[in-house]
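*Asks:* one predicted model, sequence on top.
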Amino acid sequence: MAEAQKQPGKNEALVGTVLGLRAHDGRAAAVGEVHARPHPLIDTPRNIVQLAFMTEGGSSVDHAVLAELSRRLGVAPPDRQARHHAMKWGRGSLRWERHTEFSTYLWEGPPGTRGAPGDDSPFGNGFSPPGTVISGVRIEIRKWTPQAERAVAGFDPASLCFSHVEGGKAAVATDFRQDGDGLTRVLVLDRGLTPARVGALSQRLIDIETYRTLAMLGLPLAQSLSPRIRRIEDRLAQLTGEMRSRERGNSEGLLGELTELAAELEADAAASLYRFGASRAYHGIVEERLAALAEEAAPGHDTWSGFLQRRVAPAMRTCRSIEERQANLSRKLARAATLLRTWVDVEVERQNRDVLASMNRRARLQLRLQQTVEGLSVAAVSYYVVGLVGYLAKGGVAFGFEPKPELVTAAAVIPVILAVWWLVRRIRRHNADGDSQEAKSG
């Protein structure tokens, strides 16, 4: 017992090493990813039922469902960070996987259990779904006998797809229609496949039905966006026509309308970005699974790839078309807005030029007024200075000053005017030099 207790600790220590060397932190996840979705080993005959649920509530809801199922079985629930889990259920097994926006619950068991309430599948009474069902598949795996082959007649002949796969060792049939339980029924006829090949084939068929349903979620969104894009395209054509024919005085109004259209388009593009991207990815997975089937057409019947190519491919082209229209329209709106902004900038520059010209005119008027005031101020100051000289001359008579005051006053007029004019001019130059130095330092 002591040795057994030591061994797990030793193994745990070796998980992060290679030949005793420390491994990269992400190595375990990278190496283990290829084993994240192992194909189940399925014997023939067998029934499989898989439900895919949209996980709007997050991974915690999935964990609560698995914890309840584990409690009913008396086993420990998976870790909260787990992305896949398997457990025994009745005469079969239940497998759970968590994906980006959905999770799947796959039950496989012996024939006679159809996954309906009351059978030993987990989807009967008491099962609490983690979200809304987006896909449901029922696969019946039978030995390829004449009696089993007659079951193909139970499918709708209008959409029946029947082809040979696995080098002729198996055949697959479906009509992509839902039965009374809302499940898409698939029939697999086995002619000597190993359990591993049966499991891989079943997983491909389930993936085709699940991912083609998820891929089609982008079509309703594309159809709802199409008239809105058309409206923006028509309005853009009208605005560009107005830009060509109307006067440019309303450029700001047109720019405002273009900005509103661009904001509406970008909001729609942002809202649809994930859905369209997911549809492309899901459709790519469907095409990969169809190519891996390597179908051989059965005489008189359509193949899975041929049927889905005609039905799903147009929907995917519609989604791509809407994405391309959004991108092209965004570029056109950006170009039109740039042109209008250029017009607005030119108009603003013209207004600035007019304002500067008006300011220049005002400055010239102020300069002339200043020069006039300076001339008047020279005359006024000279008048008062000459008056003061006259008073001094009159006062000098009392002290024996011989020249007459009138002669002194008349002789002082010219020198006083010149002196005042020179003084005013010097003051003006001094102020002008100070302004130019402040402008240079600023």
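*Replies:* Here it is on my side, so go on.
*Asks:* can you pull out the strands in the stretch 101-250 of the chain?
*Replies:* 102-109, 133-143, 161-165, 170-178, 184-190 (DSSP state E, counting those that start in this stretch).
*Asks:* measure how far the shortest one is from the centre of its chain, please.
*Replies:* In terms of C-alpha atoms, centre = their mean, to the nearest Å, the gap separating the centre of strand 161-165 from the centre of its chain is 40 Å.
*Asks:* now that strand - C-alpha only, CSV.
*Replies:* The C-alpha atoms that make up strand 161-165 are tabulated as CSV, following Å, rounded to 0.1, in the frame of the first residue of the first chain:
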residue,chain,number,x,y,z
CYS,A,161,-29.2,10.0,-49.6
PHE,A,162,-27.7,6.5,-49.8
SER,A,163,-24.0,5.7,-50.6
HIS,A,164,-21.3,3.2,-49.9
VAL,A,165,-18.4,4.1,-47.7
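*Asks:* who's in contact with it?
*Replies:* 152, 170-176, 201, 293-298, 301-304, 306-307 (C-beta atoms under 8 Å, 6 or more residues apart in numbering). The way it works is simple: take the backbone N, C-alpha and C, and place the C-beta from them, glycine included.
*Asks:* report the buried members of these.
*Replies:* 152, 170-176, 201, 293, 295, 298, 301-304, 307 (16 or more other C-beta atoms under 10 Å).
*Asks:* let me know the secondary structure of Asp79.
*Replies:* Counting by DSSP: H, G, I helix; E, B strand; the rest coil, the backbone at Asp79 sits in coil.
*Asks:* where does pLDDT dip in the stretch 151-300 of the chain?
*Replies:* By pLDDT under 70, the low-scoring segments of the stretch 151-300 of the chain are 245-249.
*Asks:* turn the strands of the stretch 101-250 of the chain into TSV, columns for distance to Leu19.
*Replies:* Below are the strands of the stretch 101-250 of the chain laid out as TSV (distance: least, C-beta to C-beta, whole Å):
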stretch	distance to Leu19
strand 102-109	38
strand 133-143	44
strand 161-165	43
strand 170-178	43
strand 184-190	44
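*Asks:* figure out which of those strands is closest to Gly218.
*Replies:* strand 133-143 (13.1 Å; C-beta to C-beta).
*Asks:* I'd like the average pLDDT over the closest one.
*Replies:* Strand 133-143 shows a mean pLDDT of 94 in the predicted model.
*Asks:* neighbouring strands - and their directions - for it?
*Replies:* strand 46-54 (antiparallel), strand 184-190 (parallel) (DSSP bridges).
*Asks:* quick one, helices of this structure?
*Replies:* For the chain, the helices defined by DSSP state H cover 2-15, 27-32, 59-73, 146-149, 195-215, 218-245, 251-293, 304-311, 313-398, 405-441.
*Asks:* give me the contact list for the third one.
*Replies:* In this case it means helix 59-73. Taking C-beta under 8 Å, 6+ apart as the rule, helix 59-73 contacts 55, 76-78, 80, 85, 87-89, 94, 96, 98, 103, 122, 126-131.
*Asks:* mind doing that once more with 7 Å?
*Replies:* 55, 76-78, 80, 85, 87, 96, 98, 103, 122, 128, 130-131 (C-beta atoms under 7 Å, 6 or more residues apart in numbering).
*Asks:* using JSON lines, please lay out these together with distance to Thr17 and neighbour count.
*Replies:* Putting those into JSON lines (distance: C-beta to C-beta, whole Å; neighbours: other C-beta atoms under 10 Å) gives the following:
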{"residue": "Thr55", "distance to Thr17": "36", "neighbour count": "19"}
{"residue": "Ala76", "distance to Thr17": "28", "neighbour count": "10"}
{"residue": "Pro77", "distance to Thr17": "30", "neighbour count": "18"}
{"residue": "Pro78", "distance to Thr17": "26", "neighbour count": "19"}
{"residue": "Arg80", "distance to Thr17": "27", "neighbour count": "11"}
{"residue": "His85", "distance to Thr17": "27", "neighbour count": "18"}
{"residue": "Met87", "distance to Thr17": "31", "neighbour count": "17"}
{"residue": "Trp96", "distance to Thr17": "31", "neighbour count": "20"}
{"residue": "Arg98", "distance to Thr17": "29", "neighbour count": "19"}
{"residue": "Ser103", "distance to Thr17": "34", "neighbour count": "23"}
{"residue": "Pro122", "distance to Thr17": "40", "neighbour count": "21"}
{"residue": "Ser128", "distance to Thr17": "42", "neighbour count": "9"}
{"residue": "Pro130", "distance to Thr17": "38", "neighbour count": "24"}
{"residue": "Gly131", "distance to Thr17": "40", "neighbour count": "18"}
